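Q: please find the sequence and the predicted model below.
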Amino acid sequence: MSDLVKIRRPNASASQEVPQAGPDAPAVYMETFGCQMNEADSALIAGQLGRAGYRAVRDPASADVILINTCAIREKAEDRVWGRTSQLLRHRADNPDLVIGITGCMAEHLKDKVAKRAPYISLVAGPDSYRSIADLVDRARTGEAVVDVKLDKAEVYDQLDPHTDDDGVSGFVTIQRGCDKFCTFCVVPYTRGRERGVAPREVLRHTRVLAERGYKEVVLLGQTVNSYAYEDVDFAALLRTVAQVDGIERIRFTSPYPVDFSPRVIEAMAEEPKICPQVHLPLQSGSDVMLERMRRGYSRQQFLDLVGALREAVPTLALSTDIMVGFCGETDDDHAQTLDAMRQVRFDFAFMFSYSDRGITYASRKMDDDIPDAVKKARLREVIDLQEQHTRASHDAMIGQTLDVLVLGPSKRGDKTLGRAPTFHKVLLPPGAGEPGSFVRATITGSTGRSLLA
Ligand code: SF4
């Protein structure tokens, strides 16, 4: 395995800028639901449409095309999309030619069923259709009902630059698409196809483009990001190579899969100062029976051992996780074991949710969704309450620490400056504390429960 990837320097960061479209160009309004992969995909779609002469607008009322980039991971996520598309439909009263389209995982999950449920949606494009998204939108604008949900085992969107209107400080770099794990509850391998890595030269080109635009932090994205492989380059080698890019000061990655955390990756995290001390490590359940039924590939003890190894290598590590309650057959004892595992690890932060049947997964076909909703709700409440205690304790433990905070820009309410600690905690700094993209030395003085105060 090579530790540093060699790439040619000349033109290595050549980017395709999105040209400024005139006021008469057709206007596209986009909303994104779901994970960071979806946010990165929305930027990819925006780049494709921008290069094809479309202009982005922030107000759906002024759009010729409305695209909703969707998530199918849970039933609730799909319900929110349905609610939002029917709200947006009102804009057709002023613009009868308005095209409303959905892209992403829900498009892939439901395919032509979308038209049955919502005939006003005239464009349905899956996650592997974005290379030709401008063509698909053009066709939908002629009145054609367009459905393109073919999955493509090779598509990694090589050479296509995204276009973002983000903070210009922290940017996503997709290094892997799809997933091969087939956890029994999960729809992703069906909606995003099989795992494939982006070539290291392309990862580096993209990272350099961001560095040249002034970004200071990159977040490497993949569904199981640490299983990344491209020819003889593994994730550890890629991390060390990305760390060589001048101008990029911080590297994060999400989401790693517990069984793919090799000692080489842990070593790279311990040795390379640009790699942030933060890992999102999805536990899902603390019960071996549930983990087996979910086909996660690790036991509770293996997960705890991995947490120990990570914390030993990176003592300031912040850990977040995903917890799912109410999976098929989950007993009170299984649930108690999840709470117990949470107490042992004391995650700094968690995404917590109830299992919902996604229709095409192994669990949906072969297992009984037999936990009553009321029990799921009660278990979720317990998990959330416990995590809130741990999050509060994690914030309290940071009070008095002095950290290098990366300034992202003004806070949402505009009365503070928003920054990010190496551990990914949001930090609210005094107004005017620094320019976006600068680093400030800040002492943590308190917590709002969601953010640290400095
Ligand atoms: S690793 Fe499992 S939970 Fe994660 S995307 Fe793949 S199948 Fe879904």
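A: Right, received. Where do you want to start?
Q: and residue 17, what pLDDT?
A: Residue 17 carries a pLDDT value of 57.
Q: quick check, residue 207 in a helix?
A: Yes. Counting by DSSP: H, G, I helix; E, B strand; the rest coil, residue 207 is located in a helix.
Q: ok, and the closest non-adjacent residue to it?
A: Leaving aside its sequence neighbours, residue 207 sits nearest to residue 245 (CB to CB, 6 or more residues apart in numbering; 4.9 Å). No exception for glycine: its C-beta is placed from N, CA and C like everyone else's.
Q: over to residue 367?
A: Excluding the flanking residues, the one nearest residue 367 by CB to CB, 6+ apart is residue 328, at 3.9 Å.
Q: beyond whatever helix or strand residue 138 lives in, next helix or strand please.
A: Per DSSP states H and E: residue 138 is located in helix 133-141. Downstream of helix 133-141, the first helix or strand assigned by DSSP H and E is strand 146-148.
Q: which outside residues touch that following strand?
A: 101, 111-112, 114-115, 122-126, 129, 132, 136, 139-140 (CB atoms under 8 Å, 6 or more residues apart in numbering).
Q: of those, just say which sits nearest to the ligand.
A: Checking the contacts of strand 146-148 against the ligand by CB to the nearest ligand atom gives residue 126 as the nearest, at 15.8 Å.
Q: report how many residues lie close to that closest one.
A: If you count neighbours by other CB atoms under 10 Å, residue 126 ends up with 24.
Q: tell me the buried residues in stretch 237-256?
A: Buried residues in stretch 237-256, counted by 16 or more other CB atoms under 10 Å: 237-243, 245, 248-256.
Q: which ones among these map onto helices?
A: Applying DSSP state H to those, the entries found in helices are 237-242.
Q: for the stretch 251-400 of the chain, which segments count as helices?
A: Along the stretch 251-400 of the chain, the segments classed as helices by DSSP state H, counting those that start in this stretch run 263-271, 288-294, 300-313, 332-345, 362-366, 373-398.
Q: for these, which one ends up most surrounded?
A: Of all those, helix 288-294 carries the top mean neighbour count, a mean of 19, counting by mean count of other CB atoms under 10 Å.
Q: which bits of this protein sit near the ligand?
A: Counting by CB under 6 Å from any ligand atom, the chain comes close to the ligand at 179, 181-183, 186, 188-189, 223-224, 257.
Q: top of the residues you listed by neighbour count?
A: residue 188 (25 neighbours).
Q: ok, now which ones touch that one?
A: The contact partners of residue 188, by CB under 8 Å, 6+ apart, come to 73, 105, 179, 223.
Q: quick check, pLDDT for it.
A: Looking at residue 188, its pLDDT stands at 94.
Q: same thing with the one 4 residues further on?
A: The predicted local distance difference test score for residue 192 is 94.
Q: isn't it up against residue 223?
A: Yes. In this structure residue 192 lies within contact range of residue 223 using CB atoms under 8 Å: 6.7 Å.
Q: shared neighbours, the two?
A: 37, 177-179.
Q: mark which of those residues are part of strands, please.
A: Mapping the shared contacts of residue 192 and residue 223 onto strands (DSSP state E) picks out residue 177.
Q: thinking again about what came up before, biggest separation within the contacts of strand 146-148, which pair?
A: By the measure CB to CB, 115 and 132 form the most distant pair in the contacts of strand 146-148, at 19.6 Å.
Q: got a list of what the closest residue to the ligand within the stretch 351-454 of the chain touches?
A: Going by CB to the nearest ligand atom, the ligand is nearest to residue 361 of the stretch 351-454 of the chain, at 8.7 Å. Each residue near residue 361 by CB under 8 Å, 6+ apart is listed here: 184-187, 190.
Q: could you do residue 301 as well?
A: Residues near residue 301 by CB under 8 Å, 6+ apart: none.
Q: kindly report the same for the one 3 residues further on.
A: Neighbour list for residue 304: 341, 344-345 [criterion: CB under 8 Å, 6+ apart].
Q: between the shared contacts of residue 192 and residue 223, which is nearest the ligand?
A: Closest to the ligand, out of all of the shared contacts of residue 192 and residue 223 and judged by CB to the nearest ligand atom, is residue 179, at 3.4 Å.
Q: okay but the closest one is in contact with residue 195, surely?
A: Yes. Taking contacts as CB under 8 Å, residue 179 lies within contact range of residue 195: 5.6 Å.
Q: can you check which residues contact both of those two?
A: Joint contacts of residue 179 and residue 195 (CB under 8 Å, 6+ apart) are 223-224.
Q: what pairs with whichever helix or strand residue 409 is part of, parallel or antiparallel?
A: Using DSSP H and E, residue 409 sits in strand 402-410. For strand 402-410, the paired strands and their directions (DSSP bridges) read strand 417-420 (antiparallel), strand 439-443 (antiparallel).
Q: can you tell which of the ones you listed is closest to residue 23?
A: Residue 23 lies closest to strand 417-420 among the strands paired with strand 402-410, at 32.0 Å (CB to CB).
Q: now the closest one: average pLDDT?
A: Per-residue scores along strand 417-420 average to 97.
Q: about what we covered before: looking at the strands paired with strand 402-410, which is buried most?
A: Comparing those by mean neighbour count (mean count of other CB under 10 Å), strand 417-420 ranks first with a mean of 24.
Q: flag every buried residue along whichever helix or strand comes after that one.
A: Going down the chain from strand 417-420, the next helix or strand is strand 426-429, by DSSP H and E. Within strand 426-429, the residues that count as buried by 16+ other CB under 10 Å are 427-429.
Q: what of stretch 401-418?
A: Judged by neighbour count using 16+ other CB under 10 Å, the buried positions of stretch 401-418 are 403, 405-409, 411, 416-418.
Q: contacting residues for residue 190?
A: Residues near residue 190 by CB under 8 Å, 6+ apart: 108-109, 360-361.
Q: can you select the buried ones among these for me in PyMOL?
A: Restricted to buried positions by 16+ other CB under 10 Å, the PyMOL selection for the contacts of residue 190 reads:
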select buried, resi 108+109+361
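Q: related to what we said a few turns ago, isn't the residue nearest to residue 207 up against residue 206?
A: No. With contacts defined as CB under 8 Å, residue 245 does not count as touching residue 206, sitting 10.1 Å away.
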